[in-house]
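**Q** okay, sequence plus prediction incoming.
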Amino acid sequence: MQPLPPNTSESTPATVLARLQHAATVARDLLTHSGAPRWEVFAKSSLTREVEVGEAPPLSVIHTEETGVAVRTVREGRTGFASASGLETGAARTAIGAALALESRTPVDPLPPRRLLAASPVAETAALPARGWAQHTAGELAGELAGGSGGRLKLLRAVVQEGSFGWLLATAEGFVVTHAGSRVGLMAELLVGEDRRAVWREWAHIPDPDRLDCSSLASQISDRALLTCAPTIADAGSRDVLLHGEVAAHLLAALVPLFLALPNRRDPLPPLLDREGRLAAPKLTLFDDRTSSRVPVVGPSDGEGFPTRRTLLLEDGIPRHRLASYRDAQLSGEGPRGGAVRLSYRDYPSSGVANLQVETLGGDPPTRILAHTDRALYLLRPLAPVEVDLVGDAYRLVASGVWLNRGRIRGWQPVVELRGRLGLLLRRIEAVGTDLAWYQTDAGFVGAPTLLVRRQPVMG
Amino acid sequence: MAESKSIEAPFDPRWLDGVASSCGRLHLGTPQLLDLYFERRLELRVRALDGTVQLEESRAEGTAARWRFPSRSVLYARTGVSAAVLAELIGHGAPQAHLPEGRAMPPAELDPPHGWREWASELANRLRPARPTIIYMARRAAVVRPGSWAAVGVPDLVRVHVAGASNGALLAVWPHPELPRWLRELATPPPRRVWVPPSGHELPVVFAAGTAGALLHELLGHLVESDLAASGASPLAGLAGSSLAPASLEVSDDPTRHELPGAFSCDDEGVPAQPLPLLRGGVLVGWLCDRIGAERLGSVPGRGRRGSFSRPPTPRLSNLVVDPGATPPDALERDLRHGLVVTRVAGASVDPISARAVIRVERGFEVVRGRRARPLAPCALTGRVLELLTRFDPAIGSDASPEWRLGWCVKGGAPMPTGSLAPTLLVHRLEVL
């Protein structure tokens, strides 16, 4: 066997894949002699560079290289899973030894058969930016924010996260899929207002660093941050509500269990549907997609080797398909369609969304939505996890927001709570914006625009 | 050479001696090696699934080197602990350095204690149908600074997640004598008939059963972290020496309380653990500092903690401890005409833009004329941080309970085990959302 190709700080996708293939070959040899007839190996390598640019030097830079191998085995009705860091022979040996030692009885074979596995063509992600891009971008952003806000916003620090990664999935039946990609994100932390100590943090997914428009990014940040400078007021009652994309994203993340086929539970979906079988208003269409280069998580297959595709979860408010790992699909009696995610090589592949996205084709520009509201509350940012009771048809949302009157700002309410029936909230979505942006949530990445919801109970 | 020989070293102590000596011989000019960090982790998960129990194991090890260059500070981190990894990381700043040969063999395997798997499997079956996940976590680490090294001793932990009707979580040191009682509480389903407190009302609230620890973790613990204080992002920045709370309120951060999940023998920058007073007589007296924060604020280091080998140390809380007083906890409720008593908190946060705290109450009771009346529906309470601190009643409960539900604290995306121990406390006014 060839020795493990060396890792260098200038690794290319080809060298990363060569290292992963080496790890898979080692694991294959060890597993072939282990007596496990069915197995799966997942190897991953991530190289990240994080640059923090503050108001003054020094820069803070983090270079990280993390690798690991995970193994699932199945034999005689028993299954095991284990992972170990590294791509060397020792890592594969450790993971395999533990997976075999931990095997326990399984009601179904969790490994999908070869005939269901394939790789879809996916768009290439943009190349990582050149060194110095982070400092340049932070400097430009600081200028745009200060200039565009009349000095009311001051960039305290910008953290640019650049990551390139590769992964490989191989099975005992000879299926192999690999992927190499990259991802860039930026977190901006700014001081708001001249006479108060208020800090605004904003994260942005940057699909193509070479085409980043700093002026547009600065507007996106400042539009929302500056609204908190309005005089403080309090109001309550049944009101129209505009959800900023970040608030909408966290609300949709809380709904993700509705779009997963999970065993051992009473299906919460049917009681939430109206007579026409709708969960939400016809304006709302949701899908999960890993094939576009514009989304944060791109890949040719899901975490178990099912080919990726655009999976329609909700079409014009009507539930269509559900995502599931192969095991969960079998246990819940659904046809396997793919939908396993691996947050890290350390995690067992589980049912989940990769990039939950709101369809914005046919949506309205946010300015037009604004023009159609009279007295409305514009929710800027969630202040706590959005809570939904899927069985009890209830939701609770704590956020900060601004009150609007015919498109004009009446004032800022630092903390406001909305509490009501979840079904009514979803069926009263009257407009979907075109300003889709990506947000990190507990349920994965969610791409959401501004949403207009009619008459919701605002607690004040 | 080791600063903490009584703690089990994660790797061969002679090898660590050699690495420390080699680092000591490095040129101390430019760039400057700040420290090396070696880490090993074990996580064993047990999940209940459709009539069976699934076991999963994850082992990881990694190395990190921090360098200070004239214009930047850099952390290089890599999976693995070996001479080759070390040579690569040291080579970024000192390509000619002579390092000890060979592998840093650990003295013993990092394994769960005998019987843990059986205990966890039995618990998983007992907690059905709540879809429990039970996790054993062990971490061993060492920090090498030029000329010396220290082993980072932390307690092994157990985490339990329960989904479904009695949705909740537990984080505790393994083993802990109170674990069986906490697990029974965790599995207790919520009451069916509950009272929804009226929105917009301001009520006195008693924080019982250790929940005051979760409240002060947010109101004080995070806000005295040196990175937030130095940048002005904390509402407490610049208030050192100010009286913020009643004189009877004594709060400290104590990593030497090894029965709590945030304990350590030394922090992840090699500073030996010492309790740190935060509020003394109600006056703000301490900041939680890593080494950089201590330089900036002229304070003491000792709270530089790493979420993993691939993250740099940042100032974080260990175990927040509130000194008990002399008031029987029942007395704090007995004097209320109408108010709330909180027995379980689902979470809390402070909004950096408005400096308002939001406390999500999961369970509790309405209190009417000193007696617990209807069970409380989940609700949210809010108030401004500085005002809330002044609204604590001077009477401090004589009990001291650990908060076992909310120890897993996330800041900047980095999760960290923390603990708290607090008596029953009364806040005179909190707004119901």
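**A** All right, it came through fine.

**Q** ok, for residue B:375, nearest residue in space, not its chain neighbours?
**A** residue B:191 (3.9 Å; Cβ to Cβ, 6 or more residues apart in numbering or on different chains). Any C-beta I mention is one placed from the backbone N, CA and C, and that applies to glycine too.

**Q** and the one you found, what's its pLDDT?
**A** pLDDT recorded at residue B:191 is 92.

**Q** for the stretch 101-250 of chain A, which segments count as strands?
**A** Counting by DSSP state E, counting those that start in this stretch, the stretch 101-250 of chain A has strands at residues A:104-105, A:153-171, A:176-192, A:198-205, A:237-243.

**Q** with respect to residue B:211, which of the ones you listed lies nearest?
**A** Evaluated with Cβ to Cβ, the strands of the stretch 101-250 of chain A place strand A:198-205 nearest to residue B:211, the distance being 26.9 Å.

**Q** anything in that closest one near chain B?
**A** Yes - applying Cβ under 8 Å from any Cβ of the partner chain, one finds strand A:198-205 in contact with chain B at A:198-201.

**Q** most neighbours among the residues you listed, which one?
**A** Compared across the residues of strand A:198-205 next to chain B, residue A:200 has the highest neighbour count, 22 neighbours, by other Cβ atoms under 10 Å in any protein chain shown.

**Q** can I get the strands of the stretch 101-250 of chain A in a markdown table including mean pLDDT?
**A** Formatted as a markdown table, the strands of the stretch 101-250 of chain A follow (pLDDT from 0 to 100):
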| stretch | mean pLDDT |
| --- | --- |
| strand A:104-105 | 94 |
| strand A:153-171 | 95 |
| strand A:176-192 | 94 |
| strand A:198-205 | 93 |
| strand A:237-243 | 95 |
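
**Q** for residue B:100, find the nearest of those.
**A** The closest of the strands of the stretch 101-250 of chain A to residue B:100 is strand A:153-171. By Cβ to Cβ, the value is 32.1 Å.

**Q** which residues sit in contact with residue A:66?
**A** Listed by Cβ atoms under 8 Å, 6 or more residues apart in numbering or on different chains, the contact set of residue A:66 reads A:45-46, A:48, A:85, B:62, B:77-79, B:310.

**Q** which residues of the stretch 101-250 of chain B score low on pLDDT?
**A** Under the criterion pLDDT under 70, the flagged ranges of the stretch 101-250 of chain B are B:102-108, B:165-166.

**Q** was I right about residue B:217 contacting residue B:418?
**A** Yes - at 7.0 Å, residue B:217 and residue B:418 qualify as touching, with contact defined as Cβ atoms under 8 Å.

**Q** now for these two: what residues contact both?
**A** Common neighbours of residue B:217 and residue B:418, using Cβ under 8 Å, 6+ apart, are B:317, B:320, B:409.

**Q** between the residues you listed, which sits nearest residue B:368?
**A** Of all the shared contacts of residue B:217 and residue B:418, the one with the least separation from residue B:368 (Cβ to Cβ) is residue B:320, at 31.3 Å.

**Q** what about that closest one, distance to chain A?
**A** 20 Å (Cβ to the nearest Cβ, to the nearest Å).

**Q** for that residue, give me phi and psi.
**A** Recorded main-chain torsions at residue B:320 are phi -80, psi 120, according to degrees, to the nearest 10.

**Q** who has more neighbours, residue B:217 and residue B:418?
**A** residue B:418 (27 against 23).

**Q** do you have the strands of the stretch 251-400 of chain A handy? List them.
**A** Under DSSP E, counting those that start in this stretch, the stretch 251-400 of chain A gives strands at A:286-288, A:311-315, A:318-319, A:340-341, A:350-351, A:355-358, A:375-382, A:387-389, A:394-405.

**Q** end-to-end on stretch B:141-159?
**A** By Cα to Cα, to the nearest Å, the extent of stretch B:141-159 from end to end equals 20 Å.

**Q** and stretch B:233-240, by the same measure?
**A** Distance across stretch B:233-240, first residue to last, is 15 Å (Cα to Cα).

**Q** stretch B:82-98 too?
**A** Counting by Cα to Cα, the length from the leading to the trailing residue of stretch B:82-98 is 14 Å.

**Q** with stretch B:381-389 instead?
**A** Using Cα to Cα, the end-to-end distance of stretch B:381-389 comes out at 14 Å.

**Q** and if you look at stretch A:203-217?
**A** Start-to-end span of stretch A:203-217 (Cα to Cα) is 10 Å.

**Q** need the contact partners of it.
**A** By Cβ under 8 Å, 6+ apart, the residues outside stretch A:203-217 that reach it are A:125-126, A:128-129, A:133, A:137, A:140-141, A:144, A:148, A:162, A:183-188, A:220-221, A:293-296, A:437-440, A:445.

**Q** buried ones in it?
**A** Within stretch A:203-217, the residues scored as buried using 16 or more other Cβ atoms under 10 Å in any protein chain shown are A:203-207, A:209, A:212, A:214, A:217.

**Q** now swap in stretch A:438-450 and tell me
**A** Under 16+ other Cβ under 10 Å, the buried positions of stretch A:438-450 are A:438-439, A:441, A:443-450.

**Q** can you check which of the strands of the stretch 251-400 of chain A gets nearest to residue B:302?
**A** Residue B:302 lies closest, by Cβ to Cβ, to one member of the strands of the stretch 251-400 of chain A: strand A:375-382, at 33.7 Å.

**Q** what are the ranges of the helices in the stretch 201-350 of chain B?
**A** Taking DSSP state H, counting those that start in this stretch as the test, the helices found in the stretch 201-350 of chain B are B:211-216, B:226-231, B:291-297, B:329-334.

**Q** in a markdown table: those helices, plus distance to residue A:15 and mean neighbour count.
**A** Below are those laid out as a markdown table (distance: least, Cβ to Cβ, whole Å; neighbours: other Cβ atoms under 10 Å in any protein chain shown):
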| stretch | distance to residue A:15 | mean neighbour count |
| --- | --- | --- |
| helix B:211-216 | 47 | 29 |
| helix B:226-231 | 36 | 22 |
| helix B:291-297 | 35 | 19 |
| helix B:329-334 | 63 | 18 |
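
**Q** and of these, who's closest to residue B:195?
**A** The closest of the helices of the stretch 201-350 of chain B to residue B:195 is helix B:329-334. By Cβ to Cβ, the value is 15.9 Å.

**Q** for chain B, what are the nearby residues on the stretch 251-400 of chain A?
**A** So the stretch 251-400 of chain A meets chain B at A:263-265, A:331, A:346, A:348, A:381, A:383-385, A:387, A:396, A:398, A:400 (Cβ under 8 Å from any Cβ).

**Q** just flag the most distant two among the residues you listed.
**A** Farthest-apart pair in those is A:331 and A:400; separation 41.1 Å (Cβ to Cβ).

**Q** end to end, how far does stretch A:338-350 reach?
**A** End to end - Cα to Cα - stretch A:338-350 spans 10 Å.

**Q** for it, buried residues please.
**A** Under 16+ other Cβ under 10 Å, the buried positions of stretch A:338-350 are A:338-342, A:345-350.

**Q** which one of these sits closest to chain B?
**A** residue A:346 (4.3 Å; Cβ to the nearest Cβ).

**Q** wait, the closest one sits on residue B:59?
**A** No - contact criterion Cβ under 8 Å: residue A:346 and residue B:59 do not qualify, at 9.1 Å.

**Q** find residues that contact each of those two.
**A** A:83, B:43.

**Q** show me the contacts for the nearest residue to residue B:293 once chain neighbours are set aside.
**A** Excluding its sequence neighbours, the residue lying closest to residue B:293 (Cβ to Cβ, 6+ apart) is residue B:226, at 2.7 Å. Residues near residue B:226 by Cβ under 8 Å, 6+ apart: B:287-290, B:292-294, B:296-297, B:299, B:303, B:315.
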